[in-house]
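Trainee: the following block contains a protein sequence and its predicted model.
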Amino acid sequence: MDNLVIMKDKRAVTSSLQVAEVFGKEHKHVLRDIENLKLDQSKIGPMFMTGNEPDSYGRDRKVIYMNRDGFTLLAMGFTGKKAMGFKLQYIEAFNKMEHQIQTGGFQIPHTMADALRLAADQAEKIELMKPKVLFTDSVATSKTTILIGELAKVLRGNGVDIGANRLFEWMRTNGYLISRKGTDWNMPTQKSMDLALFKIKETSISHSDGSVTVSKTTKVTGKGQQYFINKFLAVINRVGDSYDRVNS
């Protein structure tokens, strides 16, 4: 349950995906509950923001981000001892993130994705449009994992023109993700696992009929983030150097 609350557009928010995972609910049911809330109260619109994130197969899916008030409204209907514990964890996470934002502390990254974005911003100020800074071993030893779609956003922040779907395709083409269609499609290849570039996160989902299914999601490790970002930045640097030589 890492990163219960994240910073998005300088606001502390959580996502419908994260809520579904933490409270053991199907994502479609969380989306339904949010839509019902929005129908009942016209003034709660600003509490929710609609976005998209790729699923484990690289396909876009609807995600709703919510601030503290939106989460509070939604979680009112979640009952049970476990649910109460998760609510308290969320309250603590919102408090920490909002304190960082209010005090300017969000300048100090709290997640690996934020750290990489901050590093990208600093590199751009030093050398506009020609990033030279490669990420250090401290990234590789981080225990924080991110989705492949989040890695694509970090790459775009570093000047790499790539989206989530194209990044999934590139990883399949280059042997990092399994390309054959089936239950293991977009799962890490043995090569990737040997390099410790990915981890597979398994989430148990309980259904109303009593059955339990397991959802598998490929996540990029700290070492994997360093590996792929440096790989793409190295290409940009080579292209930039070639351009300089041609025009010098």
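Mentor: Perfect, I can see it now.
Trainee: tell me which element M7 falls in.
Mentor: Following DSSP states H and E, one finds M7 within strand 6-8.
Trainee: wait, N158 sits on N230?
Mentor: No: counting by CB atoms under 8 Å, N158 does not reach N230; the two are 10.2 Å apart. For every residue, glycine as well, the C-beta is placed using N, CA and C.
Trainee: give me the more crowded residue out of the two.
Mentor: Neighbours were counted for N158 and for N230 using other CB atoms under 10 Å; N158 has more, 20 against 17.
Trainee: separation between the more buried one and Q225?
Mentor: Using CB to CB, to the nearest Å, N158 is found at 12 Å from Q225.
Trainee: count the neighbours of T217 for me.
Mentor: Considering only other CB under 10 Å, T217 is surrounded by 18 other residues.
Trainee: can you show me the CA trace of the strand or helix carrying it as CSV?
Mentor: Using DSSP H and E, T217 sits within strand 212-220. Extracted as CSV, the C-alpha positions of strand 212-220 are listed here (Å, rounded to 0.1, in the frame of the first residue of the first chain):
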residue,chain,number,x,y,z
VAL,A,212,-11.4,-14.8,-5.4
THR,A,213,-9.4,-13.8,-8.4
VAL,A,214,-5.8,-12.6,-8.6
SER,A,215,-4.9,-9.6,-10.7
LYS,A,216,-1.2,-9.3,-11.8
THR,A,217,0.4,-5.9,-12.5
THR,A,218,3.9,-5.3,-13.9
LYS,A,219,5.7,-2.6,-11.9
VAL,A,220,9.1,-1.1,-12.6
